[in-house]
Structure formats: C-alpha cells, structure tokens
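Student: Generate coordinates for the sequence data below:
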Amino acid sequence: MNYSLNNIFFLLGFPSLLISQSVSDSILLDEIELFESKELKHSIGIRYDVLEKNLSNFSYSNSFDKILEENTTIYVKSYGALNTPSFRGTSASHTLISWNGIPINSSASGLTDLKLLPSNGFNNLGISYGGNSTIFGSGSIGGTIHLNNIPFFIKKTNSNFTIERGSYGLSTHSMSVENSNDNYYYYINYSQLRDSNNFKYEYNNEFRENIHSFTEGKTLISNFSYLLNKNTVFQFNYWNTNLFREVPGNITVPNSTAEQTDKSERYLFTLLNNFNGIKCKIKHALLFDNLYYIDVPKQINSFYEGLTNISEVNLEYNHKKIFTNLNLSSLKNDLKNSSYENLKQSDLTNSIYTSISYQSKIIINELSLRKEFNKSIKHPFIPSYSCELKLKNYRLRGRINKNFRSPTFNDRFWISSGSIGNMNLLPESGINKEIGLDFNLKILKCNFTYFNLNVDNWILWNQQDNGIWMPENIRKVNSKGFESKINFNINIRRSIKIQNEFNYQYNLSTNKIGIDNLDASVGNQLIYTPVNKANFNSNFTLNDYNFILNQSFIGKVYTSSDNLNFLNSHYTVNLTLIKKLNVLNSNLILTINNLFNLDYQTYLNYPQPGRNFIIQINILT
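Tutor: The predicted model follows:
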C-alpha cells in the first residue's frame, strides 16, 4: 500500500509531463479546454449512446441491470446473486466496464456484476457498441459500458435526498450533494439498501416464496476537482461498495444456505494540463476488489482479494485537421484466491496505443494501433480503422478493428477437486466490422447499424477424458445482425411534451467449430442470446406530472447448445408516475414494475418478480 501511494505522489509531482485532458465530455473554461474522454473522442465510425435519464427512473433501487434492460439492446442474465450483460451475442466476459476511463472488471473472473453498479451515482452513462480493444484494452469485444462523473466549473449548488419503499421488503435511502464555482467542483453520493426480495412464483401448479434472498448494502461515490491554474486541473474520484447477499437457489433446488459479501474500494487521481497546445492527462488508480463466499452446511469458505494498480499517461496534439494521440499505461494485478494452486498470484501488463486522425467538416478518418506486453501471455497487435462521411443531417460511418480478451486469473490458476486452470491458453481475438447510417431532423433522430463479428480462440471450460474440467481455446463464433435506435419528440401546445425512444436488435450468433463430431452446437444459435430484442420508452410531461412508460420485448432464448430447450419470449411493461410537489421542492414517484404480472425468466430456473410497487419521495434543494 505504501509503495502504491509513493507511486501516486511521484506521478502527481512530475511537472515536466503535465500537459491536459478531461474526464468526460468537453468542459470549456475561460483559458483552458479540457477535451473529450477517450470513449467519445474515439467513437468515430461506431454507435455510441448516452443514456437519457428522463426515460427511466435512475434511483438506487433501479440498479444498472434494469436500466440496461429498459433502454438498450443489451441482454441481461439474472441468476442467483449475479446479473451480467451480453453485447451482440458475446459473453459477459466480453463486456468491459469502465469507471472514468479505468477498467473495473474482476481480474479473477473477467466479469462485473451489474447489481454492484448504482444507476444514481453517475451523471454520465455511456455505451460503446462493438468492441474497441485498441483504445480500452482486454475484454472490449462485444462492447463497453462507461460510468462517468463529469465535473463542471460554474457556480451551482444542489442536494438531493431520496427515500424509497417497495414490495418484498425493499427500503433505500440516498443523499447527494453537489457544489461548484469557477475554481472547484465536488460531488458526494451516499446510498443504503435493504431488500428481502421474497416474491412469490409459480412452479408445478403451486406457489412458492423466493427464500434466502436478503440483500443489504451501502455505496459511497465522490468526485473532487480543483482548477490549480488556468492550464491545470486536479481531480480525485472515490467509490466504495459493501454489499451482503444471501444467494438464492433456483426452482429445482430452492433451499440454499450460501452467502456472499462484495467489498470494493476504488481511488482515482488525475492531473490534467495544457502546455503550448499539447494536452496531457496523468492518472493513477488503486482498485481493491474483495469477494467472500460462505456456505456453512457445505463447509465452503472461499474468497478472493484483489489489488489493481493502473498508471496512465495520455498525450494529444492537434495541428489544423490532424489529431494525434499517444497513450502509455501499466496495469498490475495482485490477487489472493482460496481456489488457486498458489494462494497469491500477480500479473503485470504494459501497453501502448497511438492514433492519428484527419477531421474535416465532411470526412473523418482514424487509424489506431495497440500493443500489450505481458511475460505470461503473448498479445497480438490490435489495429483499428474508422471513417465517417457527413452530409448535412446525415452521417455514414464504418469501422473495422481487431479485439481481444486475455485469459483471466481463474482461467489460468484455478484448481479444485474437479477442475483445473490452463496456463497455455491463448488470448481470445476477434475481427469486428460494422457500418451505420445516422440522420438527425428537427423532431426525429435515427441510427441504423449492421455488424459482423468473428471471435477466434473462444475460451470454454471442457471436460477432459479423465473427468476433469479445464478451459481450452476450442470455439469459433460468428455474430452478425442489425441494430436501430429511433428518437422522436412531440410537443402539443406548451403544456404537453412527449419524448419517445425505440431500440431494436436482430442478432444471429452461432458456433462454427465443434468440440468433437458429436457437438450439436455447430451452426446453432448461442445459448442465452436472443435473436430479437426491442424496447420502447416514452416520457409524457403534462404540467407538474410525468408519466414514464418502459416496454421491453425479448425473443426466444435457447438454454441448450442443440437449441432443443429454450425460454419463451416475453413482453414486460414498467410504469412510473411522477408528481412535482410545492412542498420542499420535492417529487412523489410511484413505479409499477412488471405491470401485467408476467411469469418469466432470463436464465433457466431462476424466476423473476411479478408485479411490484415502489414509492419514492425525492427532495431537491
């Protein structure tokens, strides 16, 4: 820990490297411009969305998995104590989660549990569809989710206090304070949650209660930014999560006794500077990620405790229509895991990426290249080429790029009575090709995207002849499809406003290579990958009333690789009613989830709650 802090102070006190960049979206000051985040700057040729906060209720109870289900074409699987996303027919480990530009996926499993991501803790939520490993590194094959806290340097003060009570024992309290002026910005958000989640479901013509599903947790998120001088900004971000969960069983084995505790602390130090037109961002992140899994009757007491150090220097220089970018980074993982052959494992990866782009009012081209260096894993060169053509209200875009995912610690070091890791695994690699058309009219915005993704050396745990399970590079997958997003707004007089958003995805994702001659998965749709997914969201505003209607459709989902077993398609509706009150400048909010009380599953044998209610009081000052 002391060694890591010394690294931080060394980086922050190294003035000869200070040259500038922003946390996210451009922020203009009198004499300094903090430029775009890397996900926005390098979104040339792809679909990049920012989630509209007025089309969903971004509260602490409405966790990030629900937000994605309602507002995107990402498929979310909910099972036990885990909720994971899937982009464009890829797996959950092919989705990268980025916090203010820092990857936070588990170094052990490569996954991120969406239940641990509070939707109310960030003021900017972005989604990059399609992988971009050239910029973001390992794991960005299907797509990337960006959680950002953006500072602004204007005189402003506001606070927010929220209380929620809901069905099945739900109770939350949240408080946030935001204050800024010309020189500083700070934001702090603290939230608590308790939820029994003991909903009823039907199985074999009898009603059961979802038992052993209690959840209790708290989250603290903060951001402090200070303008040191007209050319330099210092930023500090902090994120603490502590969540206890009883791990429920499923409908075939309902009696579970397992418990899981997730504890994480994340620190991010950033220094931004602009020196004679050269912009630089220097950052260092400390990520503590701990998981404890206990099942006393089964005598299971497993854990992992991870520490990740990430250092990064990013330089940019622009000359007329030419934009250049150079990034150097180092990522060191130190992990203790009770299921590894050696309790402690470490890994160091150094990387470099560079890009050059030509940007005019009509044509934009960008060429990027990344290379990573690791003693244990041989990483390929990762190139990317993107282009755009802009004509009035239309934009034609395209990208072809290579993506990759390194084997995780679990893939390499795991050992148990029935399974063992594989130190000889190759990185998964993929070629992504996409082309899209966007147009923007006065009341109508549309984007359409066709994508084709091939993933080689897909890692799959396979049972060996001796009965032991071991991961191998044995699968080749092709995923192709079509995405669309349509926004249209209607104003009726001055008092009635209607905002609408429609998302749709058609996705064929198939395995091209079998494990053996008896492998029935070849040519079939991958499991838990719907061919059709759509949602339609509307926000009706009438004087002091708001009505938010979320409609979601998920097509048939196969649960076996031979496509003989499946979950039926389902259509769910959520309704939120908001009334502005004159008392304490507050809002009274009623949310009805699963309005038609549908019985459905997103993962086999794990039922979802029926109709449920949440009442929320939101006080603004």
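
Student: Helices of the stretch 401-550 of the chain, start to end?
Tutor: Listed in chain order, the helices of the stretch 401-550 of the chain (DSSP state H, counting those that start in this stretch) span residues 409-413.

Student: where in this structure is pLDDT low?
Tutor: When residues are selected by pLDDT under 70, those of the chain lie in 1-36.

Student: Show me where it has its helices.
Tutor: Assigned by DSSP state H, the helices in the chain fall at 2-12, 38-41, 64-71, 133-136, 409-413.

Student: these two touch, right, residue 356 and residue 326?
Tutor: No. If you go by C-beta atoms under 8 Å, residue 356 and residue 326 don't touch, sitting 9.8 Å apart. Bear in mind the C-beta positions are built from the backbone N, C-alpha and C, glycine included.

Student: The spatially most central residue of the chain bridge partners, please.
Tutor: Ranked by distance to the mean C-alpha position of the chain (C-alpha atoms, centre = their mean), the top residue is residue 145 at 3.2 Å. Taking DSSP bridges as the rule, residue 145 bridges to residue 97, residue 127.

Student: Return the residues in contact with it.
Tutor: 68, 85, 95-98, 125-127 (C-beta atoms under 8 Å, 6 or more residues apart in numbering).

Student: Just the buried residues from those, in PyMOL please.
Tutor: Buried residues within the contacts of residue 145, by 16 or more other C-beta atoms under 10 Å, are selected in PyMOL with:
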select buried, resi 68+85+95+96+97+98+125+126+127
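
Student: quick check, nearest of the contacts of residue 145 to residue 116?
Tutor: Among these, residue 97 lies closest to residue 116 (C-beta to C-beta), at 9.6 Å.

Student: what's the distance between the closest one and residue 531?
Tutor: Distance, residue 97 to residue 531, using C-beta to C-beta, to the nearest Å: 26 Å.

Student: Does residue 504 touch residue 72 like I think?
Tutor: No. Here residue 504 does not reach residue 72: they are 11.0 Å apart, not a contact under C-beta under 8 Å.

Student: who's more crowded, those two?
Tutor: residue 72 (23 against 17; other C-beta atoms under 10 Å).

Student: Ramachandran angles for that one?
Tutor: phi -140, psi 180 (degrees, to the nearest 10).

Student: What's the separation between the residue nearest to the centre of the chain and residue 86?
Tutor: Counting by C-beta to C-beta, the gap from residue 145 to residue 86 is 12 Å.

Student: what sits in contact with each of those two?
Tutor: Counting by C-beta under 8 Å, 6+ apart, the residues touching both residue 145 and residue 86 are residue 95.

Student: List the contacts of residue 612.
Tutor: So residue 612 contacts 166-168, 199, 592-594 (C-beta under 8 Å, 6+ apart).

Student: Name the member of these that has the highest neighbour count.
Tutor: residue 593 (23 neighbours).

Student: Which strands or helices does the top strand by length along the chain pack on?
Tutor: Ordering each strand of the chain by length in residues (DSSP state E) puts strand 469-492 first. For strand 469-492, the elements it packs on are strand 444-463, strand 496-511, judged by 3 or more C-beta pairs under 8 Å, 6 or more residues apart in numbering; DSSP states H and E.

Student: Counting neighbours, what do you get for residue 394?
Tutor: Neighbour tally, residue 394, other C-beta under 10 Å: 11.

Student: how about it, what does it touch?
Tutor: Counted by C-beta under 8 Å, 6+ apart, residue 394 has contacts 437-439.

Student: again with residue 447
Tutor: 47, 436-438, 484-485.

Student: out of those, who's nearest residue 137?
Tutor: residue 47 (20.1 Å).

Student: How much space separates that closest one from residue 38?
Tutor: Taking C-beta to C-beta, one finds residue 47 at 17 Å from residue 38.

Student: what do you get for residue 570?
Tutor: For residue 570 relative to residue 38 (C-beta to C-beta), the value is 37 Å.

Student: How much space separates residue 358 from residue 319?
Tutor: Taken as C-beta to C-beta, the span from residue 358 to residue 319 is 11 Å.

Student: Of those two, which one has the most company?
Tutor: Taking neighbours as other C-beta under 10 Å, residue 358 and residue 319 compare with residue 358 leading, 14 against 8.

Student: Report how many residues lie close to the nearest residue to residue 376 once chain neighbours are set aside.
Tutor: Residue nearest to residue 376 in three dimensions, not counting chain neighbours: residue 347, with 6.9 Å by C-beta to C-beta, 6 or more residues apart in numbering. The local packing of residue 347 (other C-beta under 10 Å) involves 19 other residues.

Student: can you pull the contacts of residue 347?
Tutor: So residue 347 contacts 107, 332-333, 335, 374, 376, 409 (C-beta under 8 Å, 6+ apart).

Student: and those, which are buried?
Tutor: 107, 332-333, 335, 374, 409.

Student: Tabulate those residues in TSV, adding columns for distance to residue 536.
Tutor: Listed next are these as TSV, based on distance: C-beta to C-beta, whole Å:
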residue	distance to residue 536
107	38
332	45
333	42
335	43
374	45
409	41
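
Student: Near residue 584, how many other residues are there?
Tutor: 12.

Student: can you pull the contacts of the residue nearest to it when sequence neighbours are not counted?
Tutor: Among residues not flanking residue 584 along the chain, residue 619 sits closest, at 5.1 Å (C-beta to C-beta, 6+ apart). By C-beta under 8 Å, 6+ apart, the contact set of residue 619 is 160-162, 584-586.

Student: if you set the cut-off to 6 Å instead, what comes out?
Tutor: Residues near residue 619 by C-beta atoms under 6 Å, 6 or more residues apart in numbering: 161, 584, 586.

Student: and residue 122, what does it touch?
Tutor: 147-149.

Student: if we can go back for a sec, output the contacts of residue 347 as CSV; include the columns distance to residue 192.
Tutor: Formatted as CSV, the contacts of residue 347 follow (distance: C-beta to C-beta, whole Å):
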residue, distance to residue 192
107, 28
332, 33
333, 31
335, 29
374, 40
376, 41
409, 32
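
Student: Now the two most distant members of these.
Tutor: 335 and 374 (14.8 Å).

Student: got the contact list for residue 538?
Tutor: Counting by C-beta under 6 Å, 6+ apart, the residues that residue 538 touches are 500, 549.

Student: I appreciate the help and will end here.
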